[in-house]
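Undergrad: give me a 3D structure for the following:
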Amino acid sequence: MILNNRYSLGIAGALVLVLAQAAAAQDKAVSLAYNYKAKDSYRSKVTVNTSVNGQDVAVIATAKTEIKEVKPNGDFVIVTTNEGGKLNLGGQEQDQPAQPPVTFTRTKYGKLVDYKADDVAMGVLSPEVQKLMAAIGEQLLPEKDVKKGDTWTTEIDNPAVKDKKVTVKGTFLGTETVDGTELWKVKQQADAVTDKDGAKLTIDFTNWINPANGQVVKSEGTVKGLPTQFGPMDWTMKQELIKK
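TA: Numbering: from 1, shown residues only. Alright, predicted model coming up:
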C-alpha cells in the first residue's frame with residue numbers, strides 16, 4: 001500500500017524533527033567533570049593483550065574501584081585493587097594473584113594530585129613509569145565547557161624524566177547510549193619521553209564515562225613503547241564495567 005502524500009509528509013516531518021533534536025543535543029556545550037559519590041564502589045573486567053619474547057600473552061583480571069572521599073572542591077580519593085585473574089602465555093593458562101591496592105588523589109577533572117602504591121603493585125614497571133601511567137592513564141577532562149568535536153590539552157610534569165613535560169590531548173566525541181544510559185565518549189592521546197635517550201611512550205584511548213556518577217563504563221585503546229623489565233612493550237587494553 002502506498003501512503004498518500006499527507007501521511008508521507010507527516011512521517012517525514014516527524015523524522016526530520018527527531019534528527020534535528022538529536023543534532024541539537026550533540027551540539028550543546030557540556031561541562032565534563034567526574035561526579036563521584038563517596039563510598040561508591042564498582043568492579044571492572046580488564047583484558048590486556050601483548051607479546052613477550054614472540055609469544056602472545058593475554059591477561060584477564062578484575063579490578064575493584066572504591067571512592068574513599070570526595071572533597072568540597074570536587075577532588076576525590078580513589079582506591080583501585082587488582083583482584084587477580086588469569087594469564088594465558090602461549091596457550092598455557094596460569095592464575096594471577098590479587099595485588100596490593102593503589103591510592104590516587106585527583107582533581108574533579110582527573111588530574112593526578114597524589115599517588116601511593118606498594119612496591120609490588122606493578123612489579124614489571126619502575127615506580128617512575130607507574131606514576132607516569134597513573135598520570136596519563138586516567139581521562140583528563142577540560143575545565144571549560146565543550147561541544148562534540150572540541151579538543152583541549154593538559155600539560156603535566158613527567159615523572160619518568162626530570163624537568164620534562166607531557167602534553168595530553170583530549171577530544172569530546174559526544175554522547176553514546178550504552179545499555180540504556182547516555183554516556184560521555186571521550187578520547188585521550190599522549191606521547192611521553194621515558195628516558196634520557198628520548199624513548200617514547202604513546203597512549204591512545206577512548207573512554208565512556210557515566211556523567212551521573214563518574215564511573216568509567218567502558219574503555220579501550222593502545223599503549224606503545226611502555227618500558228618494562230622485559231623491554232619496551234606494546235599492548236591493547238579493554239575495560240568493561242561489571243554489572244551488579
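Undergrad: pretty sure residue 151 contacts residue 169?
TA: Yes: using Cβ atoms under 8 Å, residue 151 is in contact with residue 169, at 6.3 Å. To be clear about C-beta, it is placed using only N, CA and C from the backbone, and glycine gets the same treatment.
Undergrad: neighbour count for those two, which is higher?
TA: Counting neighbours by other Cβ atoms under 10 Å for residue 151 and for residue 169 shows that residue 169 has the greater number, 15 against 12.
Undergrad: OK, contacts around that one?
TA: 151, 152, 153, 188, 189, 190 (Cβ atoms under 8 Å, 6 or more residues apart in numbering).
Undergrad: can you tell me how far the fourth one sits from residue 196?
TA: Distance, residue 188 to residue 196, by Cβ to Cβ, to the nearest Å: 26 Å.
Undergrad: kindly report the same for the third one.
TA: In this view, residue 153 and residue 196 are 25 Å apart by Cβ to Cβ.
Undergrad: quick one, which of these two is more surrounded?
TA: Ranked by neighbour count (other Cβ under 10 Å), residue 153 and residue 196 place residue 153 first, with 12 against 9.
Undergrad: can you list the strands that the host helix or strand of that one pairs with?
TA: Here residue 153 sits within strand 151-157, counting by DSSP states H and E. When pairs are called by DSSP bridges, strand 151-157 turns out to pair with strand 165-178 (antiparallel).
Undergrad: next, the buried residues of the partner strand.
TA: 166, 168, 170, 171, 172, 173, 174, 175 (16 or more other Cβ atoms under 10 Å).
Undergrad: show me how far it is from its chain's centre.
TA: The chain centre lies 9 Å from the centre of strand 165-178; the measure is Cα atoms, centre = their mean, to the nearest Å.
Undergrad: now do stretch 193-205
TA: Mean-position distance between stretch 193-205 and its chain equals 18 Å (Cα atoms, centre = their mean).
Undergrad: now flag whichever of the contacts of residue 169 is closest to residue 143.
TA: If you rank those by distance to residue 143 using Cβ to Cβ, residue 152 comes first, at 8.4 Å.
Undergrad: contact partners for the nearest residue to the closest one once chain neighbours are set aside?
TA: Using Cβ to Cβ, 6 or more residues apart in numbering and skipping the chain neighbours, the partner closest in space to residue 152 is residue 142 (4.1 Å). By Cβ under 8 Å, 6+ apart, the contact set of residue 142 is 32, 109, 150, 152, 154, 170, 172.
Undergrad: so which of the residues you listed is the closest to residue 60?
TA: Comparing the contacts of residue 142 against residue 60 with Cβ to Cβ places residue 170 closest, at 28.1 Å.
Undergrad: SS state for the nearest residue to residue 112 once chain neighbours are set aside?
TA: Using Cβ to Cβ, 6+ apart and skipping residues adjacent in sequence, the residue nearest residue 112 is residue 135, 4.5 Å away. What DSSP: H, G, I helix; E, B strand; the rest coil gives for residue 135 is helix.
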